[in-house]
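Chemist: Test case, fold it:
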Amino acid sequence: MNLPLVILIFIILALVLMYNSLVAKKNQVDNIFASVDTQLKKRYDLIPNLVSAVSKYMEHERSLLEDVTKLRTQANNSNLSESQKIALDAKMSKALGSIMVAVENYPDLKANENVMHLQRSLNEVEEQISAARRAYNQAVTDYNNALEQIPTNFMASAMNYKPKELFEISESERQNVNVRELFNS
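Modeler: Below you'll find the predicted structure:
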């Protein structure tokens, strides 16, 4: 075998390996996002039960319940992009957290078996969503790294691959919880 042929075979092999690596990383991100989406769907399916269980007790928080219902309706739109779903998830997490805090202010509601079951179910789904977000963020980080690192960045550019967005918490969720305020309310 002559040297130019060996070099050509090596270059072709390197290009194929880079291509396959990028495709695998992109597909892994898509697959994990689908599992996040599945967990979010479980959460959205629980919301009507939660709203109906707490609505009779929480007349003062009616606007909060209406907001959660509106967010759920938006989430059921199949035309949302990944970034829109990520933003909607952040809003929904905040709203559900507010409902759970409000539930604590109603002793009869806290004792209600249906509400307690719904709270446990939501907590379980939130833990699953959190785990799925971590897996998604790791896959996105690997994918985005491949888009920026040499030599795969050249192949990614040729394939028109774009960076993906991470799930991030909002600025309000980053703030420390005022425990004294929780006990005084």
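Chemist: mind checking the SS state of the spatially closest residue to Ser121 that is not a sequence neighbour?
Modeler: In space, and not counting its chain neighbours, Ser121 is closest to Leu46: 5.7 Å by C-beta to C-beta, 6 or more residues apart in numbering. To be clear about C-beta, it is placed using only N, CA and C from the backbone, and glycine gets the same treatment. Leu46 falls in the helix class when you classify it by DSSP: H, G, I helix; E, B strand; the rest coil.
Chemist: switch to numbering from 866
Modeler: Sure, I'll start counting at 866 from here, so that last one is Leu911.
Chemist: where's Leu911 relative to Ser917, distance?
Modeler: 11 Å (C-beta to C-beta, to the nearest Å).
Chemist: Between these two, which has more neighbouring residues?
Modeler: It is Leu911, of Leu911 and Ser917, that has more neighbours when counted by other C-beta atoms under 10 Å, with 17 against 12.
Chemist: Gln904 contacts Ser995, doesn't it?
Modeler: No - contact criterion C-beta atoms under 8 Å: Gln904 and Ser995 do not qualify, at 9.0 Å.
Chemist: Where does the residue positioned nearest the centre of the chain sit, in terms of helix or strand?
Modeler: For the chain, the residue whose C-alpha lies nearest the mean C-alpha position (C-alpha atoms, centre = their mean) is Arg998; its distance is 5.0 Å. In this assignment (DSSP states H and E), Arg998 forms part of helix 978-1013.
Chemist: Quick check on Asn942: phi, psi?
Modeler: The main-chain torsion angles of Asn942 are listed as degrees, to the nearest 10 and equal phi -70, psi 120.
Chemist: Over to Leu1031?
Modeler: The phi and psi values for Leu1031, taken as degrees, to the nearest 10, are phi -80, psi 160.
Chemist: where's the closest residue to it other than its chain neighbours relative to Asn1018, distance?
Modeler: Across the structure, with C-beta to C-beta, 6+ apart as the measure, the residue nearest Leu1031 apart from its sequence neighbours is Asn1002 (5.0 Å). Noted for Asn1002: a distance of 21 Å to Asn1018, by C-beta to C-beta.
Chemist: Could you do Gln949 as well?
Modeler: Using C-beta to C-beta, Gln949 is found at 27 Å from Asn1018.
Chemist: who has more neighbours, these two?
Modeler: Neighbours were counted for Gln949 and for Asn1018 using other C-beta under 10 Å; Asn1018 has more, 16 against 13.
Chemist: what's the offset of the helix or strand hosting that one from the middle of its chain?
Modeler: Secondary-structure element containing Asn1018, defined by DSSP H and E: helix 1017-1023. Averaged C-alpha coordinates place helix 1017-1023 at 27 Å from its chain's average position (C-alpha atoms, centre = their mean, to the nearest Å).
Chemist: Can you read off the pLDDT for Ser995?
Modeler: We have a pLDDT of 90 for Ser995.
Chemist: Number of residues surrounding it?
Modeler: Using other C-beta under 10 Å as the criterion, the residues surrounding Ser995 number 13.
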